[in-house]
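Novice: Sequence and predicted structure below; questions after.
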Amino acid sequence: MPETQFDLIVIGAGPGGYVAAIRAAQLGMKTAIVDKEFLGGTCLNIGCIPSKALLDSTHRLSEAQHQLADHGINTGEIKVDLAKMLSRKDAVVKKMVNGVNFLMKKNKIEYFPGAARITGAGMLEVKSAEGTKTLTAGKLLIATGSAPIQIPSFSFDGKRIISSTEALTLPQAPKRMIVIGAGAIGLEMGSVWNRLGTEVIVLEFLDRILPGMDREMTTQFQRMLEKQGIKFYLSTKAEAAKVVGDKVQVTRVTGDQSVVEECDIVLVAVGRKPFTASLGLEQVGVEIDKRGFVRVNPHTYETTVPGIHAIGDVIGGLMLAHKAEEEGVACVEMLAGKAGHVNYRACPNVVYTSPELAQVGLTEEDARKERGEIRVGKFQFLANGRAVAMGEGEGLIKIIGDAKTDRLLGVHILGPHASDLIAEAVVAMEFASSVEDLARSFHAHPTLPEAMKEAALAVEKRAIHM
Ligand code: FAD
Ligand code: NAI
């Protein structure tokens, strides 16, 4: 095969693209990957990883400020070296990106830095500073991800009106920040800067935070965030912004009340949109939907052009790294003649604040609509020995089961290490477990997962410790 000809070329080296490339190489395909910016995509460079690095650093700060004294540990005055915190975050990103580079080499995947444009079925042009290359392949996989949505009157200027990308690199903590949108980015980045001393005000269009997550859990979660100092205005529209010197005046409208609020930074976090600019989709006949997502067959991930597939953020659904990865693997396995399948019902969703909020499966509202009769069990962390020993007794686990079949329908966790605890529920969902299966399984004592067993027991109203 000539050097520029491949079995598969992946466009976009985010978690969807690079994982698909590795799986393709494992399956014996001669594989190439193209990225216009960086290996690792949004997730490793300007998303999941840097945000978690800052969340972790500021969580430690908050523990030192508010919790260590309870353990009898006196630290004296606590000082923040923000420059060091940011450079640690950058080092974490670098390590992860180097890891992807190593994996590309290990799996003999050829990496072409540059912007790709599809010129025909199996044909690609890659433009970089070094010039333009033409590559060909039996199959193409589009994994070009997403970009932040802009809203009218709040055009990003990168300084005062910013997206999550700039919120990861602010050189000093602003005095006052207005966050537009109470989704995962708003709450995670809001938490980071709130912990660093910024007064954070969140404006949300809907009457609740985190649409898509269980309402009872998010209501309790909002109260916890408010106790940490974050202020929320729900059912509120961010109408206009005016930059005056080094301040921004934001008009927020709730009902017929309009208030002008001054701040140093506005973080616009109202969602992300598919990124397909300059890919040449129209010329080759790859269809996109009204919102710009690439249309695919939901079982095979093939676009409207045979031989061109797409996965990850660019096709819509939950915009999560692990969702992109699973789609990439399933798609490539099918290309190799194997059975590939993604069970979206078992896809977890986590907000990495403090405490964390995690869910898998149906919310209580959706379960009632879909199944009619359901049973709900709850267990509070304040009755879990390990949580109390850790001084983290706030929050609960809620389990939803089908009233007739006892099938596990959904699990919701608000509390310490929810992001880790949800893994047990994901496996249970994948195995189509009953609630009783969870209730009858051993859970080591004293551990946080015991709260999962207790919540499952609570579905039958027989929790032991509550
Ligand atoms: P991306 O990661 O966006 O990668 C797409 C790649 O394609 C990019 O590298 C881009 O440069 C490249 N590309 C685009 N067009 C071209 C072209 N024409 N030619 C060549 N290359 C091209 N998700 C989680 O699951 N957990 C989290 O904790 C989490 N935290 C997040 C925090 C933030 C601040 C943000 C913004 C997002 C977060 N996400 C998180 C979402 C997650 O980053 C995305 O769901 C994920 O990156 C999607 O992966 P992808 O492979 O589809 O696309
Ligand atoms: P989002 O879609 O999660 O939340 C956006 C919020 O903004 C919604 O609550 C919406 O009602 C609100 N909104 C929309 N327009 C508005 C307006 N004009 N005024 C006020 N509020 C408005 O989007 P977000 O937080 O920007 O995140 C983008 C994507 O990145 C999401 O799909 C998310 O899943 C992913 N992500 C995931 C993380 C995780 O898994 N922990 C962390 C960060 C991002």
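Specialist: That came through fine. Numbers count the residues shown, from 1 in each chain. Ligands and ions are numbered 1, 2, ... in the order given.

Novice: Name the nearest residue to M466, sequence neighbours excluded.
Specialist: Nearest residue to M466 in three dimensions, chain neighbours excluded: A383, at 4.8 Å (CB to CB, 6 or more residues apart in numbering). Glycine gets a C-beta too; all of them are placed from N, C-alpha and C.

Novice: Angles on the backbone of that neighbour, please.
Specialist: Dihedral pair for A383: phi -100, psi 10, per degrees, to the nearest 10.

Novice: Next, the contact list for it, please.
Specialist: E454, H465, M466 (CB atoms under 8 Å, 6 or more residues apart in numbering).

Novice: Per-residue pLDDT of it, please?
Specialist: For A383, the model assigns a pLDDT of 98.

Novice: Pull up the gap between it and M452, please.
Specialist: Separation of A383 from M452 (CB to CB, to the nearest Å): 13 Å.

Novice: Select from the contacts of A383 the one having the most neighbours.
Specialist: When neighbours are counted by other CB atoms under 10 Å, E454 leads those with 25 neighbours.

Novice: number of nearby residues for L55?
Specialist: 20.

Novice: G28 too?
Specialist: 9.

Novice: Quick one: classify it as helix, strand or coil.
Specialist: The three-state assignment at G28 reads coil, by DSSP: H, G, I helix; E, B strand; the rest coil.

Novice: Which residue is it, in this structure, that comes closest to ligand 2?
Specialist: As assessed by CB to the nearest ligand atom, ligand 2 sits closest to G183 within the chain, at 1.9 Å.

Novice: need the residues of the stretch 301-450 of the chain near ligand 2, please.
Specialist: Residues of the stretch 301-450 of the chain lying close to ligand 2 by CB under 6 Å from any ligand atom are M319, L320, V350, V351, Y352.

Novice: Regarding the third one, what is its secondary structure?
Specialist: Taking three-state DSSP as the rule, one finds V350 in the strand state.

Novice: In contact with it, which residues?
Specialist: E356, L357, A358, Q359, A418, S419, I422.

Novice: between those, which is nearest ligand 1?
Specialist: Using CB to the nearest ligand atom, the contacts of V350 come closest to ligand 1 at S419, 8.7 Å.

Novice: quick one: which helix or strand includes that closest one?
Specialist: Assigned by DSSP states H and E, S419 belongs to helix 418-430.

Novice: residues of that helix that come out buried?
Specialist: A418, S419, L421, I422, E424, A425, V426, A428, M429 (16 or more other CB atoms under 10 Å).

Novice: who in the stretch 151-300 of the chain is up against ligand 1?
Specialist: S164, I185, F275, S278, L279.

Novice: so who does the third one touch?
Specialist: This means F275. Residues near F275 by CB under 8 Å, 6+ apart: T144, G145, S146, A147, D313, V314.

Novice: Dump those to TSV, plus secondary structure, neighbour count and distance to ligand 1.
Specialist: TSV is the format used below for these (DSSP: H, G, I helix; E, B strand; the rest coil; neighbours: other CB atoms under 10 Å; distance: CB to the nearest ligand atom, whole Å):
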residue	secondary structure	neighbour count	distance to ligand 1
T144	coil	30	3
G145	coil	26	2
S146	strand	23	6
A147	strand	16	8
D313	helix	30	4
V314	helix	28	6
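
Novice: give me the number of residues near whatever residue of the stretch 151-300 of the chain ends up closest to ligand 1?
Specialist: Nearest residue of the stretch 151-300 of the chain to ligand 1 (CB to the nearest ligand atom) works out as S164 at 3.7 Å. S164: 21 surrounding residues under other CB under 10 Å.

Novice: Skipping adjacent residues, who's closest to it in space?
Specialist: Per CB to CB, 6+ apart, closest to S164 is I185, 4.8 Å.

Novice: C-alpha coordinates for the helix or strand hosting that neighbour, CSV please?
Specialist: Using DSSP H and E, I185 sits in helix 184-195. Coordinates of each C-alpha in helix 184-195 appear next as CSV, following Å, rounded to 0.1, in the frame of the first residue of the first chain:
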residue,chain,number,x,y,z
ALA,A,184,-21.7,21.1,33.8
ILE,A,185,-19.3,23.8,32.6
GLY,A,186,-20.9,26.6,34.5
LEU,A,187,-21.0,24.7,37.7
GLU,A,188,-17.6,23.1,37.5
MET,A,189,-15.7,26.3,36.4
GLY,A,190,-18.0,28.4,38.7
SER,A,191,-16.8,26.1,41.6
VAL,A,192,-13.2,26.5,40.7
TRP,A,193,-13.2,30.3,40.8
ASN,A,194,-15.6,30.4,43.7
ARG,A,195,-13.1,28.4,45.7
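
Novice: Identify all contacting residues around that helix.
Specialist: 51, 54-55, 58-59, 61-62, 164, 167-168, 170, 173-174, 177, 179-180, 200, 202, 204, 209-210, 225, 228-230, 267, 269, 351-354.

Novice: swap in stretch 457-466?
Specialist: By CB under 8 Å, 6+ apart, stretch 457-466 touches 375-380, 383-384, 399, 401, 435-436, 439, 454-455.

Novice: can you check stretch 50-63 too?
Specialist: For stretch 50-63, contacts defined as CB under 8 Å, 6+ apart pick out 78, 80, 85-86, 88-90, 92-93, 164, 168, 185, 188-189, 191-192, 195-196, 352-354.
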